[in-house]
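> Take this sequence and fold it.
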Amino acid sequence: MRNREIARFLLFGLAACLPFFLLAAASSREMLVVCVAQAVLLLSGFTLFTLRRYQRLRQLNDQMRGVREGHYRMQMDQFEEGELSILYSEIYKVTVQLRETAQQLQESQQFLSDSLSDISHQLKTPLTSMMMMVELMQQPQMDPQQRSEFLRVISNQLSRMQWLIQSLLKMARLQAGAVQFSPSPQKVRSLLSKALSQAEAELVRSGVEWIMECPDDFELMLDENWTVEALGNILRNCAEHTGRGGRIVIRCRRTMLADQIEIEDNGEGIDPQDLPHLFERFYRGRNARPDSVGIGLAMSYQIITGQGGMLRVVSQLGQGSCFQLRFPRQIV
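Residues are numbered from 1 along each chain as shown. The predicted structure follows:
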């Protein structure tokens, strides 16, 4: 009886039945007993039904309290057809949205933490090295030739740190979904030529020749700058793992379902254990160079997939690797 709604309903029911009790009592004792029994049955049935509804509401309230405390699981089998089921369904939808929002927030916080940790780790070593060299250069008795060598090393380290910071910022923007691609009709041969220009230093240093088999009329809807960045990273990776005298072949082809760009080298290949992790950020394979950071291919993967494409690699140790960029064709 602590529920005022139930108490008011019982009082209203008794007040409504009282005139009928008086009429039945004036008629006969048996009629009064029948009226009282019917009133008791009706009020008891409605009271039990109301209590049942309040019990279901209490269950729903307990589950909502659990959602507020971070427990997002709700039991759908406790409710049947009816208004409460509709209410429960709507609350369940809100619960799912809250759970997804909480997961996204947690992933964003973890991503930010990992990014800061990665940046700190990548910058700590060159900074420490430069600080030591600067301290040595402050000594007046230092040999001028050695001082000049230290300046050259510091200059190289600063250039590498600048490239690293720019790459990390680009990678963070891509993974956070903050990049808005601007696709437009692009001649793929022109994009590949620009990417080869970016990777020219690595190609020359490795002594690798390249062959392009791409028609002039091969066009795709792509973002020019970001796609050149992705292609350049792949070409640099191929050149890095292809020995002097090696070759890189670039092919463009069309199928009924997709347009494809293939970049194939005849280098050392990729270890099978590295293949599943090749496009993970900061992953360094077993045959990576000591100065490799491990963000180039991860960035390429984010750029290609972010434009609706697919990037995969087929490789065997000692037989080279083939990077395949596929862009599904729109079939009308």
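> Now do the strands in this structure.
184-187, 209-213, 219-222, 247-254, 258-265, 310-316, 320-328 (DSSP state E).
> could I get these as TSV with distance to Leu168?
Glycine gets a C-beta too; all of them are placed from N, C-alpha and C. Below are these laid out as TSV (distance: least, CB to CB, whole Å):
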stretch	distance to Leu168
strand 184-187	27
strand 209-213	28
strand 219-222	24
strand 247-254	27
strand 258-265	24
strand 310-316	20
strand 320-328	23
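> Serialize the ones you listed to a markdown table and add fields for distance to Asp274 and mean pLDDT.
Shown next, in a markdown table, are the strands of the chain (distance: least, CB to CB, whole Å; pLDDT from 0 to 100):
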| stretch | distance to Asp274 | mean pLDDT |
| --- | --- | --- |
| strand 184-187 | 31 | 93 |
| strand 209-213 | 24 | 92 |
| strand 219-222 | 28 | 93 |
| strand 247-254 | 20 | 93 |
| strand 258-265 | 15 | 94 |
| strand 310-316 | 9 | 92 |
| strand 320-328 | 11 | 93 |
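> export those to TSV and tack on distance to Val153 and mean neighbour count?
Output for those, formatted as TSV (distance: least, CB to CB, whole Å; neighbours: other CB atoms under 10 Å):
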stretch	distance to Val153	mean neighbour count
strand 184-187	40	13
strand 209-213	31	13
strand 219-222	39	19
strand 247-254	31	17
strand 258-265	31	20
strand 310-316	35	16
strand 320-328	33	19
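> And those strands: which comes nearest Pro19?
strand 320-328 (78.3 Å; CB to CB).
> Tell me the buried residues in stretch 45-64?
56, 60, 63 (16 or more other CB atoms under 10 Å).
> Just name the closest of those to Gln307, please.
The closest of the buried residues of stretch 45-64, once distances to Gln307 are taken by CB to CB, is Gln63, at 42.4 Å.
> now that closest one: how far from Val94?
From Gln63 across to Val94, the span is 12 Å (CB to CB, to the nearest Å).
> got it, and Phe181?
With CB to CB as the criterion, Phe181 and Val94 are 33 Å apart.
> Of these two, which one has the most company?
Phe181 (15 against 11; other CB atoms under 10 Å).
> Could you measure from the more buried one over to Glu229?
Counting by CB to CB, the gap from Phe181 to Glu229 is 12 Å.
> And Phe279, its phi and psi?
Main-chain dihedrals, Phe279, degrees, to the nearest 10: phi -100, psi 20.
> ok, Gly328 touching Gly308?
Actually, residue 328 is Pro rather than Gly. Yes - taking contacts as CB atoms under 8 Å, Pro328 lies within contact range of Gly308: 7.0 Å.
> Spit out the residues that contact those two alike.
The contact sets of Pro328 and Gly308 do not overlap (CB atoms under 8 Å, 6 or more residues apart in numbering).
> What's the local residue count around Lys124?
10.
> can you check Leu87 too?
Considering only other CB under 10 Å, Leu87 is surrounded by 14 other residues.
> Identify the residues contacting it.
Leu87 neighbours (CB under 8 Å, 6+ apart): Leu60.
> ok, now how distant is it from Gln146?
79 Å.
> And for Cys252?
For Cys252, the distance to Gln146 - CB to CB - is 51 Å.
> repeat for Thr101
58 Å.
> do Tyr283 as well
37 Å.
> Apart from its chain neighbours, what residue comes closest to Gly245?
Nearest residue to Gly245, sequence neighbours excluded (CB to CB, 6 or more residues apart in numbering): Gly207, at 6.2 Å.
> didn't that neighbour look like it was pressed against Ile248?
No - look at Gly207 against Ile248 with CB under 8 Å: they stay out of range, at 11.7 Å.
> Overlap of the contact sets of these two?
Joint contacts of Gly207 and Ile248 (CB under 8 Å, 6+ apart) do not exist.
> What about Val34, how many residues nearby?
As a measure of burial, Val34 has 12 neighbours, counting by other CB under 10 Å.
> if I pick it, what's in contact with it?
Ala24.
> Can you read off the pLDDT for it?
We have a pLDDT of 78 for Val34.
> What separation is there between it and Arg52?
27 Å.
> what do you get for Ile303?
58 Å.
> what's the answer for His277, then?
Relative to Arg52, and taking CB to CB, His277 is found at 56 Å.
> likewise Gln109?
Taking CB to CB, one finds Gln109 at 43 Å from Arg52.
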